[in-house]
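In: coordinates only, sequence not included:
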């Protein structure tokens, strides 16, 4: 599939690009095309070192990346989400949009989930994008540092919120990544819980001197 | 230690009684003394089958149980919490109270966390009980069915919220149970997140046809 990863220069974006890069056509998106192209070049080199193919990874400006893709992964901070939605809205038709966005704020030394008026970032994104776009929430609770190290086993659960066909497509993409289990987290209106786990995981890691954490239901 | 388990006839209460029963003095509390005594008798029999000693487990009415204990575990449904707090308030002095209470309501076929005005059930309990009592929140996210089967390995994490010494005492009690890891979840004011994980875990299990779930941070 053609997968655009907008905000694809961070850990999670990089991780997804590398782990999907040898099977799919990946378009890294950034506000600055040059930044996206540099990241894509770096990811191709990583892929060529671990896989037989260099993978099809290229860089583009966000809008161009979204226009070219069937799946659009939104991996930007919440503070950049609205501007990004404005930028890509005109080129979106029936893409599946995967939201990784987590609205959170610092409170003393810890993070706190801050639900937007729509209920969650994914719900807000759904409102901001055309009705024909299917929004799915996923990947909020993966440790980015482990995800981007393509040799590391993850053994985490990925809770996905959304509806129908789009859920199945995203579920299949997740299961292509070794040791990730997909769990149905309900409809998009249930996504606040999954988003709110992100600051919780970060805080738990910090309070207990642990490295970046993922989650597993046992 | 002398540990009262109020609401000790449910799965979690039974599980804690059995897993602490050969090392500590356990007082099962219920509104009806006779019900508590019957449960205690049953737990003693289970313990005698798996351990060399029958353990010190007895039953009592809630107030009597709380009065006799150093640690008071509150394992009742949220709907019964206020009445229980009223009943035990007069006999509490400097006990450590462990809240397992989760305020949740049904919404269609799923459960939803319903934060009380105090922020969490544990915060509400703190307000309802004497200032000298130290409230700690823990054990919300353990699978009760597995906990009460004393032969089952748990391999779960227990996130504990509270302050200072009381946290350390409760942490040590948790670590006596095989394969449970204690994690610092912050102060009692952070307990809503841990409480809200309970309906989330129940919903995830239901949506994905899994048995009762615990949580592990990986």
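Out: Right, received. Where do you want to start? Quick caveat: nothing in here was measured; it's all calculated off a predicted structure.

In: And the pLDDT for residue A:54?
Out: At residue A:54, the pLDDT value in this model is 65.

In: Could you pull up the contacting residues of the residue of chain A positioned farthest from its centre?
Out: Going by Cα atoms, centre = their mean, the residue of chain A most distant from its centre is residue A:108, 27.0 Å out. Listed by Cβ atoms under 8 Å, 6 or more residues apart in numbering or on different chains, residue A:108 has no contact partners. In short, each C-beta sits where N, CA and C put it, glycine included.

In: Roughly how far does it sit from chain B?
Out: 10 Å (Cβ to the nearest Cβ, to the nearest Å).

In: now do residue A:98
Out: Counting by Cβ to the nearest Cβ - residue A:98 and chain B are separated by 19 Å.

In: can you check residue A:73 too?
Out: Distance from residue A:73 to chain B, counting by Cβ to the nearest Cβ: 23 Å.

In: Assign a three-state SS to that residue, would you?
Out: When classified by DSSP: H, G, I helix; E, B strand; the rest coil, residue A:73 comes out as strand.

In: ok, now which ones touch it?
Out: By Cβ under 8 Å, 6+ apart, residue A:73 lies in contact with A:3, A:4, A:5, A:6, A:7, A:8, A:13, A:16, A:97, A:98, A:100, A:139.

In: at 7 Å instead, please
Out: A:3, A:4, A:5, A:6, A:16, A:98, A:100 (Cβ atoms under 7 Å, 6 or more residues apart in numbering or on different chains).

In: Which of those ranks first by neighbour count?
Out: residue A:5 (33 neighbours; other Cβ atoms under 10 Å in any protein chain shown).

In: got a markdown table for the contacts of residue A:73, with distance to residue B:124 and pLDDT too?
Out: A markdown table is the format used below for the contacts of residue A:73 (distance: Cβ to Cβ, whole Å; pLDDT from 0 to 100):
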| residue | distance to residue B:124 | pLDDT |
| --- | --- | --- |
| A:3 | 46 | 98 |
| A:4 | 46 | 98 |
| A:5 | 44 | 98 |
| A:6 | 43 | 98 |
| A:16 | 42 | 97 |
| A:98 | 38 | 98 |
| A:100 | 34 | 98 |
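
In: Just the ones of the residues you listed in strands?
Out: A:3, A:4, A:5, A:6, A:98 (DSSP state E).

In: which non-adjacent residue is nearest residue A:50?
Out: residue A:150 (5.7 Å; Cβ to Cβ, 6 or more residues apart in numbering or on different chains).

In: can I assume that neighbour is in contact with residue A:47?
Out: No. Using Cβ atoms under 7 Å, residue A:150 is not in contact with residue A:47, being 8.0 Å away.

In: Find the residues that touch each one of the two.
Out: Common neighbours of residue A:150 and residue A:47 (Cβ under 7 Å, 6+ apart) are residue A:18.

In: With adjacent residues omitted, what lies nearest to residue A:102?
Out: In space, residue A:102 is closest to residue A:198, 4.3 Å off (Cβ to Cβ, 6+ apart).

In: Now that neighbour: which helix or strand?
Out: If you go by DSSP states H and E, residue A:198 is part of helix A:191-207.

In: near chain B, anything from the next helix or strand along the chain from that helix?
Out: Later in the chain than helix A:191-207, the nearest helix or strand by DSSP H and E is strand A:215-217. Yes. Counting by Cβ under 7 Å from any Cβ of the partner chain, contacts between strand A:215-217 and chain B involve A:215, A:216, A:217.

In: Burial check on the last one, number of neighbours?
Out: As a burial measure, residue A:217 scores 21 neighbours (other Cβ under 10 Å).

In: cool, residue A:9 as well?
Out: 23.

In: Likewise for residue A:150?
Out: 20.

In: Repeat that for residue A:46.
Out: Residue A:46, neighbours per other Cβ under 10 Å, totals 19.

In: Tell me the secondary structure at the closest residue to residue A:8 other than its chain neighbours.
Out: Distances taken as Cβ to Cβ, 6+ apart place residue A:28 nearest to residue A:8, at 3.7 Å, with adjacent residues excluded. Secondary structure, three-state DSSP: residue A:28 is strand.
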